[in-house]
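Peer 1: output the structure for:
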Amino acid sequence: MLQDKYILATKMREYFSKIGANTEELQDLYKRLNENWNLPVMLSSDIISNRRSLDDYHESIAYWITKEVNPDIIPKFFTKNEIKTFDEMRYEDEEDKPMFPMKLQALQLADDQWITTMTIQELMNLRRHSYIHYNAETQRALKLTIKDGEVTYEPYVNPKAVREMRNLLCHGSFIPNVITFNISDNDEKADVVYKNGTLYIKDLTAFDITDGYNRFKAFETYYDNNPEWQFTIGVMITMFSVYKAKQFIHQEDQKTKMRKIDSDTYNQIDYTNQVIRRINEDPTCDYFHQLDGTGGNIMINMATRSLKYRLKHLIKTNADVIRASKEIVNKLNELKDYKPELLERHWSMVETGIIFSLIYDTKTNDIVYVLDNITKDDRDRFLLNSTARPLSLTTIKYLTKYLEKRGGK
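Peer 2: Just a heads-up that it's a prediction; the model follows:
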């Protein structure tokens with residue numbers, strides 16, 4: 001697809017809302033989708049009434065519904081090859097492997113909880129056959145829409161989180177973790193048996209995804225563009241009531257949430273973080289292994305945030321990372337000659353911020369000048385503006401005015 005399926009789904013919901021109140025137009029649409037593409041009326045109804053999101057389905061279904069509802073936007077979202085392929089397909093032409101019974105090697109945690117794994121192909125096959133649902137009753141974040149007195153709940157997706165996870169997948173840096181599927185204890189079709197280390201799911205209506213929806217969307221969009229992708233996902237399968245599923249979500253939500261500025265320092269594909277890591281692991285650096293969250297002399301979070309301000313528009317390739325790392329190591333070694341006491345003690349937060357804010361493109365003696373001459377008021381302002389947010393031009397001005405006064409930099 002030329003644009004993310006989530007963007008198409010968001011746009012199409014506007015059109016669904018317009019035709020939703022016109023029963024005659026709605027019935028005509030269901031009829032066309034069934035006659036032209038063999039789409040079952042119930043499936044079409046679920047999507048167009050926003051009970052299910054269009055981006056939960058295969059691109060072919062998204063294409064057919066878009067073509068019948070708003071054909072003018074087709075070229076903005078689908079490639080010529082996709083258009084040709086989907087025009088020749090019909091719903092029954094999709095792969096129709098029997099999904100059940102499922103036989104999964106699993107570890108039982110409780111009578112209603114199991115841990116297992118699924119391949120990405122198994123996960124996407126469940127999606128293709130609409131066995132993965134977003135249940136409005138058991139989600140921590142839902143978008144409520146009221147139109148013409150009708151209340152609907154729509155799946156909430158955090159596009160930024162999905163993009164970041166997809167970026168990790170693109171770089172091969174995503175570390176597998178667990179998503180959670182719930183089989184409602186009120187599902188009359190559900191037939192689940194655990195025996196001798198194997199979970200047999202003989203039938204069910206659907207899995208409700210109770211934890212990991214954004215990850216699932218990232219897997220989905222990456223797989224759709226890379227169908228040969230091989231990946232294994234950890235899956236917790238539960239058989240909870242709605243009450244217990246909500247309690248589980250609440251419990252998961254109590255996990256310690258990292259501040260964004262701290263979380264950013266853990267992103268190992270970020271170029272600034274790569275520079276910091278190379279500095280810290282360079283045995284020629286006088287501050288070898290001194291950048292740390294707690295045990296080293298230099299606070300890594302403050303150093304990273306301060307350096308990011310200088311590097312964010314300058315580091316674009318791995319070669320840039322290597323070059324910048326070497327330059328900064330040389331500067332830090334020079335700094336030791338000016339202020340040898342920095343080798344023997346912990347750096348204060350202000351010292352760390354000043355040094356790493358200026359070190360990439362400022363002479364070492366000018367950095368020392370700022371360290372020695374900054375006033376208490378400016379130290380306090382710098383500290384206040386740099387400890388709870390990324391550094392900005394406003395924060396840096398408390399330092400550069402000393403260089404301007406001195407005629408340095």
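Peer 1: hey, let's count contacts and neighbours off CA atoms from now on
Peer 2: Noted.
Peer 1: quick one: low-confidence parts of the stretch 201-350 of the chain?
Peer 2: Low-confidence segments of the stretch 201-350 of the chain, defined by pLDDT under 70: 254-269, 293-296.
Peer 1: residue ranges for the strands of it, please.
Peer 2: Counting by DSSP state E, counting those that start in this stretch, the segments of the stretch 201-350 of the chain that form strands are 207-211, 232-238, 291-292, 298-299.
Peer 1: ok, the closest residue to K217 other than its chain neighbours - contacts?
Peer 2: Once flanking residues are discounted, K217 sits nearest to V162: 6.6 Å by CA to CA, 6 or more residues apart in numbering. For V162, the contacting residues are N214, R215, K217, A218, by CA atoms under 8 Å, 6 or more residues apart in numbering.
Peer 1: same check on L358?
Peer 2: Neighbours of L358 in contact, by CA under 8 Å, 6+ apart: L307, R310, I367.
Peer 1: which members of these are classed as buried?
Peer 2: Among these, those buried by neighbour count (16 or more other CA atoms under 10 Å) are L307, R310, I367.
Peer 1: for the second one, which non-adjacent residue is closest in space?
Peer 2: To tie it back to what came earlier, the one meant is R310. S357 (6.6 Å).
Peer 1: thought that neighbour was touching K312?
Peer 2: No: checked against CA atoms under 8 Å, the pair S357 and K312 is beyond contact range at 11.9 Å.
Peer 1: which of these two has more residues huddled nearby?
Peer 2: S357 (26 against 12; other CA atoms under 10 Å).
Peer 1: now do the buried residues in whichever strand or helix holds the more buried one.
Peer 2: Assigned by DSSP states H and E, S357 falls within helix 349-358. Using 16+ other CA under 10 Å as the test for burial, helix 349-358 gives M349, V350, E351, T352, G353, I354, I355, F356, S357, L358.
Peer 1: returning to that earlier point: which ones among the buried ones among the contacts of L358 map onto helices?
Peer 2: The helices, defined by DSSP state H, take in L307, R310, I367 from the buried ones among the contacts of L358.
Peer 1: can you redo the residues you listed as CSV with distance to D4?
Peer 2: Converted to CSV, those look like this (distance: CA to CA, whole Å):
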residue, distance to D4
L307, 33
R310, 32
I367, 46
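Peer 1: could you find the closest non-adjacent residue to Y131?
Peer 2: Spatial nearest neighbour of Y131, excluding adjacent residues (CA to CA, 6+ apart): A206 at 4.4 Å.
Peer 1: quick one: residues contacting the one you found.
Peer 2: S130, Y131, I132, H133, I183.
Peer 1: can I see the domain layout of this protein?
Peer 2: Per automatic domain parsing, the structural domains of the chain span 5-93, 102-253, 261-406.
Peer 1: just to revisit the earlier point, any idea how far T364 is from the residue nearest to R310?
Peer 2: Per CA to CA, to the nearest Å, S357 is found 12 Å from T364.
Peer 1: quick check, central residue of the chain?
Peer 2: Here the mean C-alpha position of the chain is nearest to the C-alpha of A161 (CA atoms, centre = their mean), at a distance of 2.8 Å.
Peer 1: touching, that residue and N214? I think so.
Peer 2: Yes: taking contacts as CA under 8 Å, A161 lies within contact range of N214: 6.9 Å.
Peer 1: quick one: stretch 54-63 to chain centroid distance?
Peer 2: 21 Å (CA atoms, centre = their mean, to the nearest Å).
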